[in-house]
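*Asks:* coords below, sequence missing:
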């Protein structure tokens, strides 16, 4: 089926789904309003940009995404590092930098999707994303304390310096503002355990807004004091292409992060038929949403865990729920946008703190902690780096940690076994001997990765041949489509040790690519072609052939002796 045909099939409307999808879309749109405004504030820009993103991104995602349920919109994981990036531009250039950053992220993600780079998300492991998201959650909570309590002190430095300064000046808090913020936070927590869970954020924020207005608490700062919220949809803008070089690396880091988080969302919500969605199609959808968002005053958008869960819990049955959500939010902006200026900043701060608490996810942290020491270390290191260095660099550091975890775990997860005869035609695996016995045939097989770091672990486990004579070691390579230069060097070293006492080495189950490497490196000549047995279609065929030949060699030498 062509791409055009696939899209038409995805957008087919089922009458039975229209009403549930419409209701889910309305719920999703209304609950997104406070969240979108809050994330824009986290990024240090006008709340209207978060709302504009909520109009276009879900619609484009609904049209193009491989996943029927993923909601593409502003997310905490992207808003926080966006704020750090924009801080370098100052208030005069922040908006232009925002649109350019969103555009660049879209170009990168769209390219990844069109080139079918769906596997790129594997470069950020679960342990690294867990540490990063937990760190972002802590930063989000600490970053909202001043807005929650109305503290006006201005202190330069990182988030911990500002938090310490806040603690030293608790006597300067505005208690009306603090009560509004705590009321919003408490009401959200309560409502999330009721039937109003899906709209807890919007209900709590409406209650806080109404309360501050009725009580005439004029010291409570409103969104309107920060930025005007114009009625209507955004007018087109052109990204500032002079900023591209400055924003290219941050855009790449956020593009990969957004794709990685979205891939996790898609995997958690399979298609109605039970299949997993195509990751590359999700890449295209996110790329298109951000690319277009860059021209329509949008923020970087990605697959949202919370919005997707809200949409599904509200009854979404197809991708039309996301399309309806964007349309409904657009209608709200056309008619009621001005009311957003009356929302207390403290209420948004309480809302964001509740989100920060929610993303900490002790269950996810516990799962990583109880797996492997390398993953535990990577999670903790990423968490600490997220708190200490710019977030877009923490993402790259996370990728590096992922590779280190992979190398370390792969190099230690190597198991060497000996294959022994247990019957006429039966064989079983036992622990490999530490010393090679004389006048014997020892068949070995290694489990694990055969790249350079694992080679040294494997070499240390091979039976020492220094005290053995007239023995043959059969080493199995079946299933290995490649062999590294480190592995070739290891086999040559072991072969020399064997030959020094008159022992032999046989390689079995050798695939054609591996055989070509043996020939090109000269190892085939050293081993001798008669001791290399090609892999066959018959399971164990080359092994049994080598087993017979090895025993014949040992028997002949023993008889001559």
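*Replies:* Noted; the coordinates are in hand. Bear in mind the structure is a predicted one, so any value in this text is a computation, not a measurement.
*Asks:* And the pLDDT for residue 9?
*Replies:* With respect to pLDDT, residue 9 has a value of 57.
*Asks:* Now do the strands in the stretch 251-400 of the chain.
*Replies:* With strands called from DSSP state E, counting those that start in this stretch, the stretch 251-400 of the chain shows them at 302-303.
*Asks:* and the spatially closest residue to residue 127 that is not a sequence neighbour, what does it touch?
*Replies:* Spatial nearest neighbour of residue 127, chain neighbours left out: residue 375 (4.0 Å); criterion: C-beta to C-beta, 6 or more residues apart in numbering. Placement of C-beta: from N, CA and C, glycine included. Shown in contact with residue 375 (C-beta atoms under 8 Å, 6 or more residues apart in numbering): 125, 126, 127, 368, 405, 409.
*Asks:* The fourth one and residue 435, how far apart?
*Replies:* Right, residue 368. Residue 368 sits 40 Å away from residue 435, going by C-beta to C-beta, to the nearest Å.
*Asks:* okay, these two: which has more neighbours?
*Replies:* More crowded of residue 368 and residue 435, by other C-beta atoms under 10 Å: residue 368, with 21 against 11.
*Asks:* From the contacts of residue 375, which land in helices?
*Replies:* Members of these lying in helices (criterion: DSSP state H): 126, 127, 368, 405, 409.
*Asks:* and which of these is nearest residue 215?
*Replies:* Of all the ones in helices among the contacts of residue 375, residue 215 sits closest to residue 368, with 45.3 Å by C-beta to C-beta.
*Asks:* now, which of the contacts of residue 375 sits nearest residue 316?
*Replies:* Out of these, the member with the shortest distance to residue 316 (by C-beta to C-beta) is residue 126, at 25.8 Å.
*Asks:* How about the contacts made by that closest one?
*Replies:* Per C-beta under 8 Å, 6+ apart, neighbours of residue 126: 264, 368, 375.
*Asks:* In the chain, where's the longest helix?
*Replies:* Max-length helix for the chain by DSSP H is helix 15-42.
*Asks:* Can you tell me the closest non-neighbouring residue to residue 418?
*Replies:* Once flanking residues are discounted, residue 418 sits nearest to residue 432: 4.6 Å by C-beta to C-beta, 6+ apart.
*Asks:* can you pull the contacts of the one you found?
*Replies:* By C-beta under 8 Å, 6+ apart, the contact list for residue 432 reads 416, 417, 418, 442, 444, 461, 462, 463.
*Asks:* Just want to check the distance between it and residue 447.
*Replies:* Look at residue 432 and residue 447: by C-beta to C-beta, they are 11 Å apart.
*Asks:* So for those two, which residues contact both of them?
*Replies:* In contact with both residue 432 and residue 447: 416, 417, using C-beta under 8 Å, 6+ apart.
*Asks:* Run through the helices of the stretch 251-400 of the chain in chain order.
*Replies:* Counting by DSSP state H, counting those that start in this stretch, the stretch 251-400 of the chain has helices at residues 279-295, 305-313, 320-336, 345-360, 362-369, 373-388, 391-412.
*Asks:* which one of those helices lies closest to residue 193?
*Replies:* Residue 193 lies closest to helix 345-360 among the helices of the stretch 251-400 of the chain, at 12.6 Å (C-beta to C-beta).
*Asks:* Show me what the closest one is packed against.
*Replies:* Helix 345-360 sits against helix 15-42, helix 76-86, helix 126-143, helix 145-149, helix 175-191, helix 200-214, helix 223-226, with contacts defined as 3 or more C-beta pairs under 8 Å, 6 or more residues apart in numbering; DSSP states H and E.
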